[in-house]
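Asker: kindly generate the corresponding structure for this input.
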Amino acid sequence: MSGFVEKPEPAQVPGLVHLHTGKVRELYRNEAGDLVMVASDRMSAYDWVLPTPIPDKGRVLTQLSLWWFEQLQDLMPNHVLSTELPPGAPDDWAGRTLICKSLEMIPVECVARGYLTGSGLVEYDETRTVCGLALPPGLEDGSELPAPIFTPATKAEVGEHDENVSYEEVARQVGAETAAHLRQSTLAVYSKARDIARERGIILADTKFEFGFDKEGGLVLADEVLTPDSSRFWPADQWQPGRAQPSFDKQFVRDWLTSDASGWDRKSEQPPPALPEEVVAATRGKYIEAFERLTGTPWS
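Answerer: Residues are numbered from 1 along each chain as shown. This is a model prediction of the structure:
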């Protein structure tokens with residue numbers, strides 16, 4: 001069992017129809033038919049949405065996504081139409097709200113990996129492959145891959161776990177032409193973002209994208225992009241293969257949840273406990289540090 005420890009109640013705003021409560025985002029539709037995406041401060045880990053928010057997290061995700069969309073706009077169109085608050089929206093929505101094109105979303109998590117870690121490392125240790133792709137022997141946690149690879153996953157509902165799948169399975173689900181377009185676009189966007197991050201002293205180890213088709217049938221980059229929630233960012237000057245890398249993401253949360261201090265058994269059906277203040281503060285600091293180092297702009 002997993003999911004929300006405490007299911008949130010979405011705000012009701014005149015002129016907006018609430019569509020979905022995700023792990024982090026609330027999704028609405030406005031009267032023009034556009035989507036309104038609001039990033040909360042909710043934190044998820046191990047397929048649970050935790051009871052403790054991380055202050056400013058939703059704003060960091062939104063503002064960093066906007067920065068990346070701008071960096072990538074010559075390479076890939078995105079779904080953002082406006083950042084203007086809908087009339088009657090809560091003041092707290094400022095800085096965390098995007099008005100977006102309504103797309104036909106493709107039910108695939110498009111993952112690009114340039115380094116071996118996480119679920120990819122687990123599979124590699126067992127089979128010397130990741131999503132069916134053979135990799136050379138001798139790789140370890142944090143090793144840079146010979147070239148970036150496309151390792152798609154299924155899109156899971158809240159409380160369920162994304163499952164890695166093969167490229168052939170994606171082609172079966174969405175068609176060979178769309179699968180090829182997803183792979184090419186994913187690797188192209190990752191490669192450009194990796195180079196941008198590297199210039200700023202950050203390794204983009206892996207990331208996941210979501211794509212959809214617009215009304216004209218064009219492929220569009222959607223949802224969030226290249227944030228600490230969807231990516232692994234490592235400080236380049238501390239990279240050392242063979243161990244877990246320091247990171248700009250929710251690792252403080254994962255580490256505490258699996259420590260004796262939390263008293264939580266991940267394999268049990270019991271929900272995880274509230275986060276202590278020091279873990280909340282450290283996690284918030286890492287998200288903000290990622291924003292500042294990547295954009296070169298102080299957080300305010």
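Asker: name the residues that touch stretch 123-138?
Answerer: 113, 116, 120, 139, 145-146, 149-152, 164-168 (CB atoms under 8 Å, 6 or more residues apart in numbering). Backbone N, C-alpha and C define where each C-beta goes, glycine included.
Asker: with adjacent residues omitted, what lies nearest to Asn151?
Answerer: Not Asn; residue 151 is Thr. Cys131 (4.0 Å; CB to CB, 6 or more residues apart in numbering).
Asker: before we move on, back to that, which of the contacts of stretch 123-138 scores worst on pLDDT?
Answerer: Within the contacts of stretch 123-138, Asn164 has the lowest pLDDT, namely 86.
Asker: residue contacts, the residue positioned nearest the centre of the chain?
Answerer: With distances taken as CA atoms, centre = their mean, Ser230 lies nearest the centre of the chain, 1.8 Å away. By CB under 8 Å, 6+ apart, the contact set of Ser230 is 207-209, 224.
Asker: now do Gly218
Answerer: Pro77.
Asker: that one and Glu277: what is the separation?
Answerer: 46 Å (CB to CB, to the nearest Å).
Asker: so where do the helices sit in the chain?
Answerer: 57-72, 118-127, 167-174, 176-199, 251-257, 277-295 (DSSP state H).
Asker: buried deepest among those helices, which one?
Answerer: Comparing the helices of the chain by mean neighbour count (mean count of other CB atoms under 10 Å), helix 57-72 comes out on top with a mean of 21.
Asker: just want the angle from it to helix 176-199.
Answerer: With axes from the mean of the first three to the mean of the last three CA atoms, to 10 degrees as the basis, helix 57-72 and helix 176-199 are set at 100 degrees to each other.
Asker: can you pick the most crowded of the contacts of stretch 123-138?
Answerer: Neighbour counts for those (other CB atoms under 10 Å) peak at Pro152, which has 27 neighbours.
Asker: that residue is in contact with Arg113, isn't it?
Answerer: No. The criterion here is CB atoms under 8 Å, and Pro152 misses it with Arg113 at 10.9 Å.
Asker: other SSEs contacting the lowest-mean-pLDDT helix or strand in the chain?
Answerer: Scoring the helices and strands of the chain by mean pLDDT, DSSP states H and E places strand 153-154 at the bottom, with a mean of 87. Here strand 153-154 touches strand 108-115, going by 3 or more CB pairs under 8 Å, 6 or more residues apart in numbering; DSSP states H and E.
Asker: neighbouring contacts of the strand it packs on?
Answerer: Contacts to strand 108-115, defined as CB under 8 Å, 6+ apart, come from residues 120, 130, 142-145, 148-155, 162, 164, 170, 173-174, 182-183, 185-187, 189-190, 194, 203-211, 232, 234.
Asker: likewise stretch 264-273?
Answerer: 1, 5, 45-46, 48, 50-51, 257-258, 262-263.
Asker: over to stretch 146-153?
Answerer: Contacts for stretch 146-153 (CB under 8 Å, 6+ apart): 108-114, 120, 130-131, 133, 135-136, 162-167, 169-170, 182-183, 186-187, 190-191, 194, 208.
Asker: repeat that for 7 Å
Answerer: 108-114, 120, 130-131, 133, 136, 162-165, 167, 170, 183, 186-187, 190-191 (CB atoms under 7 Å, 6 or more residues apart in numbering).
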